[in-house]
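Here you go, sequence then predicted model.
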Amino acid sequence: QLQLVESGGGLVQPGGSLRLSCTTSGTSLTTYTIGWFRQAPGKEREGVSCISTTGGNTGYADSVKGRFTLSRDYAKNTAYLQMNSLEPEDTAVYYCAAGPFSAYCPIVRESYEYWGQGTQVTVSS
């Protein structure tokens with residue numbers, strides 16, 4: 001069983017930045033595709049970004065393109081979601097997810113088997 005742990009959430013002012021991390025203990029992430037999703041109050045969980053198993057392909061929702069960057073550090077067994085130019089609309093609980101080995105990365109919930117508990121991101125002045 002893969003247990004994912006997110007960290008890095010918090011309160012930030014509009015225009016600010018945060019970096020979310022996703023890691024696991026005791027199990028390597030190197031054979032998994034990684035995705036980030038978010039869920040705002042009263043809304044469905046939506047895909048934010050993904051990165052393929054080899055790191056060669058990434059995907060982003062239109063709402064975050066140009067502002068968010070997903071990367072992975074295989075040595076540290078961690079994936080990072082760098083979020084810049086944050087907007088109040090980015091406020092949500094952010095979830096890391098892991099899916100099977102793939103050269104591509106879909107940003108759809110059904111493609112991911114393992115999920116973290118989520119980390120809260122609040123963008124407010």
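Sure thing, it's come through. Quick caveat: nothing in here was measured; it's all calculated off a predicted structure.

what's next to stretch 23-35, contact-wise?
Stretch 23-35 has contacts (C-beta atoms under 8 Å, 6 or more residues apart in numbering) with 2-5, 7, 22, 47-53, 70, 72, 74, 76-79, 96-102, 104-107, 111-112, 114. The way it works is simple: take the backbone N, C-alpha and C, and place the C-beta from them, glycine included.

Give me the buried subset of the residues you listed.
4, 22, 47-53, 70, 72, 77-79, 96-99, 105-107, 111-112, 114 (16 or more other C-beta atoms under 10 Å).

Out of these, list just those in strands.
4, 22, 47-51, 70, 72, 78-79, 96-99, 114 (DSSP state E).

can you tell me which of the residues you listed lies nearest to S63?
Among these, V48 lies closest to S63 (C-beta to C-beta), at 8.2 Å.

wouldn't the closest one be in contact with Y60 here?
Yes - using C-beta atoms under 8 Å, V48 makes contact with Y60 at a distance of 7.4 Å.

Out of the ones in strands among the buried ones among the contacts of stretch 23-35, which two are the most distant from each other?
For these, and using C-beta to C-beta, no pair is farther apart than G47 and T78, which are 20.1 Å apart.

re the thing from before, which residues are in contact with both of V48 and Y60?
68, 107.

Could you look up the SS state of the residue sitting nearest the centre point of the chain?
Centroid-nearest residue in the chain: W36, 2.7 Å away (criterion: C-alpha atoms, centre = their mean). Using DSSP: H, G, I helix; E, B strand; the rest coil, the secondary structure recorded for W36 is strand.
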